[in-house]
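Enquirer: What would the 3D arrangement of this be:
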Amino acid sequence: SNHTITKCVCWEGFPSVWKTGVDAVEALEMAIRIQNVCGAGIVLWTVVGCGALVSVLADPEIPDESQADDAATVTVDWKTTIAVSRLTATLQVVVNPLLERQSPVHDAMFKSLAELNADYVRYVPWKPYPQLAVAELEPPSGEKQCRFLTGTEDTNEFVHLYCGLGVISKVNFASFGNPTGYCGDLKLGSCHANTSLEILRRECIGHEICSIPINTKTFGDPCPGLIKGFAAQIECNPPLNHTYWGFDIINQMLEDFMNATSNHSVIINFSTIPQWMYKTPDRIKYPDDPNQISSGYSSAPGTELVDPTGKQVGDYFGRLVSWFTQGGFTDEYGIPHHSPFHYDFQYWECLNEVNGEHHNTPETYTKIYDEMVLGIRRLADPEHKIKFAGIALGGTSMEWFTYWLNRSNHVSDDIPLDIMSFHFYASCSSRTDVDSYQEFFDRADSLVTTVRNITKLRDAMSPSTLLDIDETGVILPDENRPGAPMFPLVYYNAAGAMYAYLFGKLAEVGLDVLGESQLVGNPALPSLNLPSQYPSVAMLNWTNGLGNSRYHVLKVLIENFKPGDKLVKTDIGQGSKENPSTFCGRVPNLLVMELSCDDAVAKIDKVLFASYGTVEGYECGSYTVGKCNANNSMDIVEAACIGKNKCAVDASTPIFGDPCVDTFKYLVVEARCSSGRGQATGGYSGEGVYAQAFTNADGSTHRVLLVNKTPKSQSVMLPGAKGSTAFIVDETRPTGPAEVRQLTSDSLSMLRYAVVVIIMAE
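Expert: Here you go, the predicted structure:
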């Protein structure tokens, strides 16, 4: 029945992996719904293996939409345009072992990607997985050929040595243990099997191909209890110049990505420079298993390029792009390498979060960017068809933006500045507390203010440059920490709501591309031997490849909003239930709160609440002082605002002092105007509901975007909505798709962190 459900399932690590069992698929969907809708009302017993799942399931309490006494009223002036959107909603796809062809969710994940029909899709092979991201893992070694294994625990790993049309004539070096150095300069470590060189010479010299099992059975055990690696160096007869270009794994994932995004624009970013191009004390090792994370590459050691001109870096990326767009390339020794690919890459982005790798500065990065552009044009794009993106900055820094946008800092005026990109991730104080997720919107408000300034800078220095936040998301506290608790699935609704809120706000200020991060993430999956990789940024379920709420919010936005849409004047009823004439604002530390009365002759005549610290409550009129509060808050706000039509208060410790060191603080104010309504930066309109109306370019279609920014249900009144079509993403459908509902009245109830797009009836 709808009230008592009993199922038996085999269960491993909720909610990551569900094994086959009695009605396992049905039970999984049921359990997700129980967790989201019933919360603490669920009774759940599990035992190791196949256990019983017994739950009491009650239908969610959906407010009656015909009762709208407490509803926030949305008022739209369809004839008044406040901005024309340039914004495209899209996403990034970061390489992940779950996207490999042998993955059990490979097909479903790429199908989900294809069904988005997104443009400007960013594809990023990156440093934790060097074998998925770097096409030349070792430097060219001339007539010497080397092979490496990082570590083996007496497995059946083999090293394969070969000489093409010739034979192996020399074995210069071999060591089973912990050898160090690059090819041509290999050295014995503190652990070394003395049999290594003798065995390789005996088994390999005179042969075209030589395969050696790397384990203690072959070499003996020179250092019991230690993980042992291997290195060998050979020469061939006739001599053969050797490079280490390898695309087998890289090809498959990129090919599947390009198929899934066919007929749509892409931004390709192989974001990792081969580590050997930087000066380091020793060769940087990487795991033999391409699906394991490389600590060496992840730390991005080295600050000085081996080739200080940067041309070596530019040539590497030129050959890499040529492999995928020109059917191959000619390597460092003039040897051709052929590929089957002739892709059309619309955009190439140069590196990723460069301010956090190799201690780059704006000056060093700009030099590398220029050389990458020149190398790609020289070796892969002589007709200059590819457009380029930089800086992919981790965060926002006006110093970086100002330097890179200044054309005099580039090697020539011909260097394109097509896209300037940067990243934004919100967080909150608790991984599992649903109430804390409303903090995402405070961080979002801070970003909107920053982007407004970046847009002005772009317009002044390089108006044709597009602005792209190509990583937008949330990274929860304790992400990837072993033993960290799993967050509730309603988190994905909150993160999706933040993205939708940012879409509306940033469309108004002139952003061009907003990329949700990211298609695939996962907790630790022991059954697949995969470590945790940012499960809170995932848009797909890692067990079945289907979209979660973040995915479906993006899909609804892509399908309903386009560049060229007009944002029209939209108001939503403000104020607390007890004091409808009051207005509220909330801004994070280091921002300025601006308060104003709409009536030009009105004055702010009362401050009902003010606190700089950690405030309790999320409704205007319901705020209470939290555990952290600056006692002078009310006095400072009153002194700045009483008797004025407009005022500004700096939310910072120099103004209020620091009531709680090392704690993130907000300034929250509730005030009243002597007549009419008031506004405040970061205001919680309609008790936490955000509303923005759009028309298409010719005004023939009217749409309204609604976002519930709070952890409680909200009611909204939209005059004229009766008979309209609503696309609803909320927690009742954690695996989607969006609910499509014909509205039977002008009022709509929104569950916590819900996103709704209403297509207004004619």
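
Enquirer: from here on, contacts and neighbour counts on C-alpha atoms
Expert: OK.

Enquirer: Residue 649 falls within a helix, correct?
Expert: No - counting by DSSP: H, G, I helix; E, B strand; the rest coil, residue 649 falls outside a helix, being strand.

Enquirer: How about the contacts made by it?
Expert: Taking Cα atoms under 8 Å, 6 or more residues apart in numbering as the criterion, residue 649 is in contact with 592, 593, 594, 637, 640.

Enquirer: quick one, helices of the stretch 351-500 of the chain?
Expert: Using DSSP state H, counting those that start in this stretch, the helices of the stretch 351-500 of the chain run over 362-379, 398-405, 439-461, 490-509.

Enquirer: Quick one: closest of the ones you listed to residue 473.
Expert: helix 490-509 (6.9 Å; Cα to Cα).

Enquirer: which strands and helices sit next to that closest one?
Expert: Contact here means 3 or more Cα pairs under 8 Å, 6 or more residues apart in numbering; DSSP states H and E; on that basis helix 490-509 packs against strand 72-84, helix 439-461, strand 466-474, helix 549-560, strand 702-708, strand 755-759.

Enquirer: and the shortest one, average pLDDT?
Expert: This predicted structure assigns strand 755-759 an average pLDDT of 98.

Enquirer: Can you dump the C-alpha atoms of it in CSV for me?
Expert: Output of strand 755-759 as CSV, limited to C-alpha atoms (Å, rounded to 0.1, in the frame of the first residue of the first chain):
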residue,chain,number,x,y,z
VAL,A,755,13.1,24.8,-9.2
VAL,A,756,10.1,25.6,-11.4
VAL,A,757,9.9,27.0,-15.0
ILE,A,758,6.5,28.2,-16.0
ILE,A,759,5.5,28.6,-19.7
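
Enquirer: So which residue is dead centre in the protein?
Expert: The centre of the chain sits closest to residue 517, judged by Cα atoms, centre = their mean, with a distance of 2.5 Å.

Enquirer: OK, contacts around it?
Expert: When contacts are counted by Cα under 8 Å, 6+ apart, residue 517 touches 91, 92, 93, 470, 471, 472, 473, 537, 538, 539.

Enquirer: one more time with 10 Å
Expert: Contact analysis of residue 517 by Cα atoms under 10 Å, 6 or more residues apart in numbering lists 90-94, 122, 423-425, 469-475, 499, 536-539, 550.

Enquirer: Check those residues for burial and list the buried ones.
Expert: Among the contacts of residue 517, those classed as buried by 16 or more other Cα atoms under 10 Å are 90-94, 122, 423-425, 469-475, 499, 536-539, 550.

Enquirer: The strand or helix carrying residue 159 pairs with which strands?
Expert: Here residue 159, judged by DSSP states H and E, is contained in strand 158-162. Note on strand 158-162: by DSSP bridges, its sheet partners are strand 209-213 (antiparallel).

Enquirer: Only the buried residues of the helix or strand just after the partner strand, if you could.
Expert: Following the chain from strand 209-213 toward its C-terminal end, the next helix or strand by DSSP H and E is helix 216-219. Buried residues in helix 216-219, counting neighbours by 16+ other Cα under 10 Å, are found at 216, 219.

Enquirer: I'd like the distance from helix 216-219 to the chain centre, please.
Expert: The chain centroid and the centroid of helix 216-219 are separated by 45 Å under Cα atoms, centre = their mean, to the nearest Å.

Enquirer: could you dump it to CSV, C-alpha only?
Expert: Once non-C-alpha atoms are left out, helix 216-219 reads as follows in CSV (Å, rounded to 0.1, in the frame of the first residue of the first chain):
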residue,chain,number,x,y,z
THR,A,216,59.5,-11.5,-6.9
LYS,A,217,59.2,-14.9,-8.7
THR,A,218,61.2,-13.4,-11.5
PHE,A,219,63.8,-11.3,-9.6
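
Enquirer: quick one, what contacts residue 475?
Expert: If you count contacts by Cα under 10 Å, 6+ apart, then residue 475 has 424, 425, 426, 427, 428, 431, 495, 517, 534, 535, 536, 537 around it.

Enquirer: any weak-confidence spans in the chain?
Expert: Flagging of the chain using pLDDT under 70 yields the residue ranges 1-70, 152-156, 573-581, 618, 681-687.

Enquirer: residue ranges of the strands in the stretch 151-300 of the chain, please?
Expert: With DSSP state E, counting those that start in this stretch, the ranges of strands along the stretch 151-300 of the chain come out as 158-162, 167-177, 209-213, 228-237, 266-268.

Enquirer: neighbouring strands for the shortest one, and are they parallel or not?
Expert: Which is strand 266-268. Looking at strand 266-268 with DSSP bridges, its paired strands and their directions are strand 121-124 (parallel), strand 347-349 (parallel).

Enquirer: can you list contacts of that strand?
Expert: Here strand 266-268 has contacts from 92-93, 118-125, 254, 257-258, 321, 344-351, 387-389, 470, using Cα under 10 Å, 6+ apart.

Enquirer: Residue 214: which of the contacts of residue 649 is nearest?
Expert: Closest to residue 214 out of these is residue 592 (62.8 Å), distances taken as Cα to Cα.

Enquirer: mind listing what the residue nearest to the closest one when sequence neighbours are not counted touches?
Expert: Counting by Cα to Cα, 6 or more residues apart in numbering, residue 650 is the residue found nearest to residue 592 once chain neighbours are left out, at 4.4 Å. Residue 650 makes contact with 587, 589, 590, 591, 592, 593, 594, 637, 656, 667, according to Cα under 10 Å, 6+ apart.

Enquirer: which among the contacts of residue 649 end up buried?
Expert: Restricting these to buried positions leaves 592, 593, 594, 637, with burial counted as 16+ other Cα under 10 Å.

Enquirer: Quick one: residues contacting the last one.
Expert: What that stands for is residue 637. Residues 607, 609, 610, 611, 647, 648, 649, 650, 667, 669, 671 are the ones in contact with residue 637 under the rule Cα under 10 Å, 6+ apart.

Enquirer: Quick check: chain neighbours aside, which residue is closest to residue 161?
Expert: With Cα to Cα, 6+ apart, the residue lying closest to residue 161 is residue 210, at 5.1 Å.

Enquirer: Could I get the contacting residues of the one you found?
Expert: Taking Cα under 10 Å, 6+ apart, we find residue 210 in contact with 158, 159, 160, 161, 162, 163, 167, 168, 200, 203, 204.

Enquirer: nearest to residue 275, of these?
Expert: Proximity of these to residue 275 was ranked by Cα to Cα; the top entry is residue 159 with 22.0 Å.

Enquirer: Number of residues surrounding that closest one?
Expert: For residue 159, the neighbour count with other Cα atoms under 10 Å is 16.

Enquirer: got the contact list for it?
Expert: Taking Cα under 10 Å, 6+ apart, we find residue 159 in contact with 147, 148, 149, 210, 211, 212, 213, 214, 230, 231, 232.

Enquirer: Out of the residues you listed, who's the most crowded?
Expert: Using other Cα under 10 Å as the neighbour test, the contacts of residue 159 are led by residue 231, with 25 neighbours.

Enquirer: From what I see, that residue and residue 158 are in contact.
Expert: No - using Cα atoms under 10 Å, residue 231 and residue 158 do not qualify as a contacting pair, with a distance of 11.8 Å.

Enquirer: Find residues that contact each of these two.
Expert: By the contact definition Cα under 10 Å, 6+ apart, residue 231 and residue 158 are jointly contacted by residue 149.

Enquirer: Next up, the contacts around residue 631.
Expert: The contact partners of residue 631, taken as Cα under 10 Å, 6+ apart, are 610, 611, 612, 613, 625, 656, 657, 659.

Enquirer: what about burial for these, which qualify?
Expert: Neighbour counting by 16+ other Cα under 10 Å classes 610, 611, 612, 613, 625, 656, 659 among the contacts of residue 631 as buried.
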